[in-house]
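Visitor: based on what follows, work out the 3D shape:
(one chain, ligands or ions: 1)
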Amino acid sequence: MSISIRGLRKSFAGRQVLAGVDLTVAAGEFVAVLGANGSGKSTVLRCAVGLQPADAGSVDVHGGAAMVFQKIHLVNRRTAIDNVCAGALGRLPFHRSLVFGNDVRTEAMACLDRVGLADRAGDRAGRLSGGQQQRVAIARALCQRAKVILADEPVSALDPSAADQVVSLLALLAAEGLAVLAVLHQPELARRYAHRIVGLDQGQVVFDRSPADLPQREIDSLYRDKP
Ligand SMILES: Nc1ncnc2c1ncn2[C@@H]1O[C@H](COP(=O)(O)OP(=O)(O)OP(=O)(O)O)[C@@H](O)[C@H]1O
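Guide: The predicted model follows:
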């Protein structure tokens, strides 16, 4: 129920994007990653779940990791609960994955309940609001039984109130025992909800502190034009 990233390095076409990133998230922790466009935030997450091979470094995941994206990737014409059931696909034998059984649907319902959407289980995903769709995607990650959730700009496409709801949900899931690492473009949400804020600048961690110990100027410096 934790993720530990050590010495992560990555270059694209000879250009270094990650210059040795160390980052740990324990069970019960919600860690936000802030950084300017191109600082390497998504690459950290993508290397951490194996979507991209790292050049060097190690990633130890305890409990299984699931990723949540800005673009939500639900099947719009299927119901919310069907989308959540899809999280179970990876652990079902093929013959049981064609029609989800009652046990999977019961588990999916419990996951929807955890994200506050049990009452929308039968609605087509495409009819839900953006914030609700992202919460369904989080429920699908829960139905994967992942203990580590990596979220890449999960609220960048949402209005402020939906964004607040989704980030507070991630914080709640961490409080329930998951390890949650989220890339955010909203420093104020990171300040409000994260246990720790990690600043990434040109592929390096420049701070890793609790919001209470983090002066605003350190956050601002992430977004200042670099020479
Ligand atoms: N597959 C790829 N091939 C080549 N370059 C890449 C690839 N993926 C990322 N990069 C480059 O690596 C750098 C870091 O990208 P990354 O997406 O990790 O940044 P980010 O901090 O998540 O930025 P943003 O806030 O814009 O999403 C960028 O300059 C990007 O163009």
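
Visitor: now the closest residue to residue 7 other than its chain neighbours, what's its secondary structure?
Guide: Leaving aside its sequence neighbours, residue 7 sits nearest to residue 57 (Cβ to Cβ, 6 or more residues apart in numbering; 4.0 Å). For every residue, glycine as well, the C-beta is placed using N, CA and C. Classification of residue 57 by DSSP: H, G, I helix; E, B strand; the rest coil places it in strand.

Visitor: what does the one 3 residues further on give?
Guide: Under three-state DSSP, the three-state class of residue 60 is strand.

Visitor: ok, it - contacts?
Guide: For residue 60, the contact set (Cβ atoms under 8 Å, 6 or more residues apart in numbering) comprises 2-4, 6.

Visitor: PyMOL command for the buried members of these?
Guide: Those of the contacts of residue 60 that count as buried under 16 or more other Cβ atoms under 10 Å are selected in PyMOL with:
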select buried, resi 2+3+4
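
Visitor: pick out the most distant pair among the contacts of residue 60.
Guide: 2 and 6 (12.7 Å; Cβ to Cβ).

Visitor: phi, psi for residue 195 please.
Guide: Note on residue 195: its backbone torsions stand at phi -80, psi -40 [degrees, to the nearest 10].

Visitor: tell me, how many neighbours does it end up with?
Guide: Neighbour count for residue 195, taken as other Cβ atoms under 10 Å: 17.

Visitor: how far away is it from residue 146?
Guide: 19 Å (Cβ to Cβ, to the nearest Å).

Visitor: and the longest helix anywhere in the chain, what does it pack against?
Guide: Secondary structure of the chain read by DSSP state H shows that its longest helix is helix 160-175. Secondary-structure packing of helix 160-175 (3 or more Cβ pairs under 8 Å, 6 or more residues apart in numbering; DSSP states H and E): strand 30-34, helix 130-143, strand 148-152, strand 179-183, helix 187-193.

Visitor: so which of the ones you listed is nearest the ligand?
Guide: strand 179-183 (6.4 Å; Cβ to the nearest ligand atom).

Visitor: count of residues packed around residue 37?
Guide: For residue 37, using other Cβ under 10 Å, the count is 7.

Visitor: how is it assigned, secondary-structure-wise?
Guide: coil.

Visitor: pLDDT at it, what is it?
Guide: Listed pLDDT for residue 37 reads 94.

Visitor: give the contact list for it.
Guide: Counting by Cβ under 8 Å, 6+ apart, there are no residues that residue 37 touches.

Visitor: tell me the phi and psi of it?
Guide: Torsion angles, degrees, to the nearest 10, at residue 37: phi -60, psi 130.

Visitor: in the sheet, who's paired with the residue nearest to the spatial centre of the chain?
Guide: By Cα atoms, centre = their mean, the chain has its centre lying nearest to residue 151, at 1.5 Å. For residue 151, the beta-bridge partners under DSSP bridges are residue 68, residue 182.

Visitor: wait, doesn't it sit right on residue 179?
Guide: No - with contact defined as Cβ atoms under 8 Å, residue 151 and residue 179 do not form a contacting pair (11.6 Å).

Visitor: much appreciated, bye for now.
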